[in-house]
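Model the structure of this input:
(2 chains)
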Amino acid sequence: MGLLTEGSPLSWEETKNLSDHVRTHGITQFINLYKRLRDRQGDILKWGDEVEYIVVKFDHESKTAKVSLRAQEILTELNQKELANPKGVKSLWRPEYGAYMIEGTPGQPYGGLLAHFNIVEANMRYRREEVSQLLQPGEAILSLTSFPRLGCPNFTDPPTKPTPDKGATRSLFFPDEAIFPGHPRFKTLSRNIRERRGEKVAINLPIYKDINTAIPVDDSHLYSKAALPDHVYMDAMGFGMGCCCLQLTFQACNIQEARTLYDQLTPLCPIMLALTAASPLHRGFITDADCRWNVISCSVDCRTEEERGLKPLEENKFVINKSRYDSIDSYLSEHGEKYNDVPLVYDQAVYDKLKANDIDHLLAQHIAHLFIRDSVSLFSEKVEQDDEHDTDHFENIQSTNWQTMRFKPPPPNSTIGWRVEFRPCEAQITDFENAAIVCFVVLLTRVILSYQLNFIIPISKVDENMQSAQKRGACLNGKFWFRKDITTTVSPPEANECCKKGFVSCCDVYEPMTINQIINGKEGEFPGLIPLINSYLSGMDVDADTHCTIQQYLKFIQQRASGEILTTASWLRKFVTTHSDYKQDSKVTELINYDLLNTIYRIQKSEVSCPELLGHSVTSKTKESIPAALFKDVCP
Amino acid sequence: MAFKLNESAKNVIINTGNILSLNDITKKPGQNPTEELVEALNITIKDFQNGGNLQSHVEQPLVITRRHDDLSNKMAEHEIGDLKIGLKVFIGSDNEQYLIEALEKAFTSLNINSVHNVIIAYHEKQNEGQNDIIGKIKNIWKTLESYARDKKIFQIGLSDIEENAFRSIYDWADVKPSIIQINLATCCVVPPTLQAFCKDNEVQLLTHSDPNEILPESSIESVFGIQLKLKWALRFLVHIKCRGVLTTKGYLVSLSNV
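Next up, the predicted model:
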């Protein structure tokens, strides 16, 4: 997301009345941009990461840790540097949903040299340091996916009170003051989603049942019929969109490659979600889930009862099986077409219009499917647009379909090409971990393209995997549908045993695998993603420092996958359940929360080591810039 | 199944073509380069025997290729200017003809006039003595320099060479080495002096994961059933510039029946 333009948000009634206007013009805008840019070729690899952070306020006297609602103040200072020197800054900062959150990205995208992998972590460190200089005594920034006591009494600094019967959110737990106040988009989204749905959002995460856990877990069910007694109930967009994620965007050389990467990375989304699992703690409780995904999905679920299939359709057009925040519903490349086994909901007229404008079936149904949603945030200044050149209405719908992957057309009037965004990963505690995850995923895209690998399985199986990925301990114990034979090139028949057994292609087999088998391989059966990356690297010109760094990242990921070290989620659980203040009652008390966040802060600062989380080798050779000898090479 | 070399062929060159398209190799990413090369040779020979022509002239080396190789298609998918082509020559003799044969064979096989870089891995068999390695590398280097002067090679470099030997060749050379390759196992413990030297002279310090001997006698015997002399082995790597994509990888191996 770029710097947000300010404006005057329309009410939900006004927005609703303009739904068809936004959709019609959005589709026209997409058709126009597609005509302009479909043949764009030859873009080089550029990519970047996005890390979200929480600003935490410690009180070491009373031993409490709260979210600090100062993101806007901090951002104003950070953005001033960017405005003064837009091309020269080493980092870019953007608001996020929470008034306690900020999002940081590198100032310039990384490029197609392997040496770029060696500057990722240094840039992440720089960003953290840059923000740290603007913090007040007691404040810290943490890249922690979920703040453990979000929505508990007095979880903010300064203190605020929820307002269940007025305001944008109307939550029992989450006050409007905890929503980023610097731009109207965030409160507007919260209000419109609630109003569109016809009631507050409802999130129920199963409680982790310990020996003294009380059921019902609290008295939420007395105030809300949506609350399930043996679940942690949450009722605000902030519980989901107030979580931190780790995202990646890469530029493809053309639209075809973007489609390939979109499809090939789709089956990897649940795998990466399980591997990066980091959010078992919500609203002061230990839950039985390890990841944030379903929380965010429910937190922005704007579907009405009719759309959720609870009532017959009268007002609405479609029954829709997923929230607008969920895993993708269809593949985009030819390879993927036959694996689109879930019927796609879309407006036939929109699809026909796209087809009539020479957009192929796969892309047309993808766009038409995105456009079953209403706009949930519209500004009066943006209603009337020039469909030849603007793309705001298209982006309005596109950017509020928050899916595991995002297929991104080039922005108008820019040098940027077709891009793909990878969105499932949870934020890790340290820069080392986040850099490792980011480099791993980008390396994987290079391996996919170099060896022309195929990871595609039926989209229904990816959906199943998304649910498996979030279960407690999934990284270690879960099984995931994964493709057995990931090679595609047709070898001479006699050299390819698999494909010659008959008419039905036996190469299409997928089977349940563990994360360890997928990442590290299974002797004689599956090569493993890390061995493939290493094989790829042996054919690349990699400088010694970069290769040393990458080796440490890959080793760390191998250990997470094999269970030699804990996932962030398992480590958080272990910390809480072995804390002296823990009463086996699934509760994260103020004191446990304080000690936990303080420990996280010290681990991140390398003041304490934590080999059970990070392994033994966590000092990479990361550096600020790329050596001159490597630049002499070829890339701009 | 051992390969039977025609009595009349004194020399044989095997071109594995693009091995990235060989699924059986892709599926075994844990193989070291020797294992990978042996498997690629076996696949190539098997494919060749199943339909290739074994006739050859005494003067010309027998060239063994795969019928289903997609090397030329792969090369044709991109503009030559978008590709970065690198060669690594594994050689154990300073016989100038060996290196020239290796480079020329690579140019014709890939259908190109120039490459981005050539790296030499010079390794003599133990029993042939270790005398004057630097002198022998210098002999080889002179051949490389002439290719570089003719703009057929853009960058030249050396693999697995002692720091002092590298410095002395650097000081002596007319066309300076711009790459030094070290074993991946040592990439986290590069001597600071070497690091500083590379930085000061803008030499690229790159990694490799090749064993000292890419194709040992025992491997040759397992592939061919008889002992042949390895004249040189060459690996070609074709990258798409600025995209981090490896598009083609393969080996050329030259053996003689003496």
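
C-alpha only now, for contacts and for neighbours.
Fine.

which non-adjacent residue is nearest residue 256?
As the question left the chain open, I've gone with chain A. The spatial neighbour of A:Gln256 that comes closest, neighbours along the chain excluded (CA to CA, 6 or more residues apart in numbering or on different chains), is A:Ser333 at 7.6 Å.

think we crossed wires, I meant chain B
B:Asn11 (4.4 Å).

Quick check: that neighbour vs B:Ala233, distance?
14 Å (CA to CA, to the nearest Å).

How about the contacts made by the closest residue to A:His282 other than its chain neighbours?
Using CA to CA, 6+ apart and skipping the chain neighbours, the partner closest in space to A:His282 is A:Pro148 (5.1 Å). Counting by CA atoms under 8 Å, 6 or more residues apart in numbering or on different chains, A:Pro148 touches A:Leu281, A:His282, A:Arg283, A:Gly284, A:Phe285, A:Val588, A:Asn593.

Distance from the chain centre to stretch A:275-292, please.
15 Å (CA atoms, centre = their mean, to the nearest Å).

go on, stretch A:261-277?
With CA atoms, centre = their mean, you get 10 Å for stretch A:261-277.

Touching that stretch from outside, list them.
A:290-291, A:328, A:331-333, A:336, A:404-407, A:420, A:422-428, A:445, A:448, A:454-457, A:462, A:465-466, A:469-470, A:474-475, A:480, A:482, A:515, A:560-561, A:567-569.

Just those: which are in helices?
Mapping these onto helices (DSSP state H) picks out A:336, A:445, A:448, A:462, A:465-466, A:469, A:474-475, A:515, A:560-561, A:568-569.

Kindly identify which of those also come near chain B.
The subset of the ones in helices among the contacts of stretch A:261-277 within reach of chain B, counting by CA under 8 Å from any CA of the partner chain, is empty.

what's the closest of these to A:Thr105?
For the ones in helices among the contacts of stretch A:261-277, the closest approach to A:Thr105 (CA to CA) belongs to A:Thr445, at 20.0 Å.

number of nearby residues for that closest one?
By other CA atoms under 10 Å in any protein chain shown, the residues close to A:Thr445 number 22.

Which residue, neighbours along the chain excluded, lies closest to it?
A:Leu261 (6.9 Å).

What pLDDT does the model give that neighbour?
With respect to pLDDT, A:Leu261 scores 98.

which SSE is it in?
Using DSSP states H and E, A:Leu261 maps to helix A:255-265.

gap between A:Arg38 and A:Leu265?
22 Å.

the more surrounded of those two?
Higher neighbour count among A:Arg38 and A:Leu265: A:Leu265, with 24 against 15, using other CA under 10 Å.

Residues of chain B that sit close to chain A?
B:20-24, B:26-30, B:43, B:68, B:182, B:184, B:187-188, B:190, B:199, B:202-209, B:237, B:239, B:241-247, B:249.

swap the cut-off to 7 Å and go again
By CA under 7 Å from any CA of the partner chain, the residues of chain B that approach chain A are B:20-23, B:27-30, B:68, B:187-188, B:202-209, B:237, B:241-247.

Surely A:Asp49 touches A:Leu248?
Yes - with contact defined as CA atoms under 7 Å, A:Asp49 counts as touching A:Leu248 (4.5 Å).

Chain neighbours aside, what residue packs nearest to A:Val345?
Nearest to A:Val345 is A:His369, by CA to CA, 6+ apart, at 5.9 Å.

My read is that A:Ser327 contacts A:Asn401, right?
No - counting by CA under 7 Å, A:Ser327 does not reach A:Asn401; the two are 10.0 Å apart.

More neighbours: which of the two?
Between A:Ser327 and A:Asn401, counted using other CA under 10 Å, the more crowded position is A:Ser327 (25 against 21).

how close does that one sit to A:Gln467?
10 Å.

which residues does the closest residue to A:Ala258 other than its chain neighbours contact?
Leaving aside its sequence neighbours, A:Ala258 sits nearest to A:Ala252 (CA to CA, 6+ apart; 5.1 Å). Neighbour list for A:Ala252: A:Asp43, A:Leu45, A:Ala258, A:Gly417, A:Trp418, A:Arg419 [criterion: CA atoms under 7 Å, 6 or more residues apart in numbering or on different chains].

Pick the one among the residues you listed closest to A:Tyr553.
A:Leu45 (20.9 Å).

Might you list the low-confidence residue ranges for chain B?
B:1-9, B:51-59, B:126-130, B:258 (pLDDT under 70).

which residue ranges form the helices in it?
Under DSSP H, chain B gives helices at B:23-26, B:33-49, B:71-76, B:96-110, B:133-149, B:163-172, B:192-200, B:217-224.

So whichever strand in chain A runs longest, near chain B or not?
Counting by DSSP state E, the longest strand found in chain A is strand A:47-59. No - Strand A:47-59 does not reach chain B (CA under 7 Å from any CA); its nearest approach is 10.6 Å.

Mind listing residues that contact that strand?
Residues contacting strand A:47-59 (CA under 7 Å, 6+ apart): A:64-68, A:100-106, A:109-111, A:138-144, A:157, A:244-251, A:427, A:438.

Kindly recompute the last result at 6 Å.
For strand A:47-59, contacts defined as CA atoms under 6 Å, 6 or more residues apart in numbering or on different chains pick out A:64-68, A:100-105, A:109-110, A:138-143, A:244-250.

can you tell me which of those are in strands?
Those of these lying in strands (DSSP E): A:64-68, A:101-105, A:139-142, A:246-250.

Distance of the spatially most central residue of chain A relative to chain B?
With distances taken as CA atoms, centre = their mean, A:Arg423 lies nearest the centre of chain A, 3.2 Å away. Per CA to the nearest CA, to the nearest Å, A:Arg423 is found 22 Å from chain B.

Hmm, A:Gln247 and that residue touching each other?
Yes - with contacts counted by CA atoms under 6 Å, A:Arg423 reaches A:Gln247, the gap being 4.9 Å.

who touches the residue nearest to B:Lys125 when sequence neighbours are not counted in this structure?
The spatially closest residue to B:Lys125, leaving aside those adjacent along the chain, is B:Gly92, at 7.1 Å (CA to CA, 6+ apart). By CA under 6 Å, 6+ apart, the contact list for B:Gly92 reads B:Tyr122, B:His123, B:Glu124.

what do you get for A:Val542?
So A:Val542 contacts B:Leu206, B:Thr207 (CA under 6 Å, 6+ apart).

Now it: phi and psi?
phi -110, psi 130 (degrees, to the nearest 10).

State the distance from B:Tyr122 to B:Glu162.
For B:Tyr122, the distance to B:Glu162 - CA to CA - is 12 Å.

Neighbour count for those two, which is higher?
Ranked by neighbour count (other CA under 10 Å), B:Tyr122 and B:Glu162 place B:Tyr122 first, with 23 against 10.
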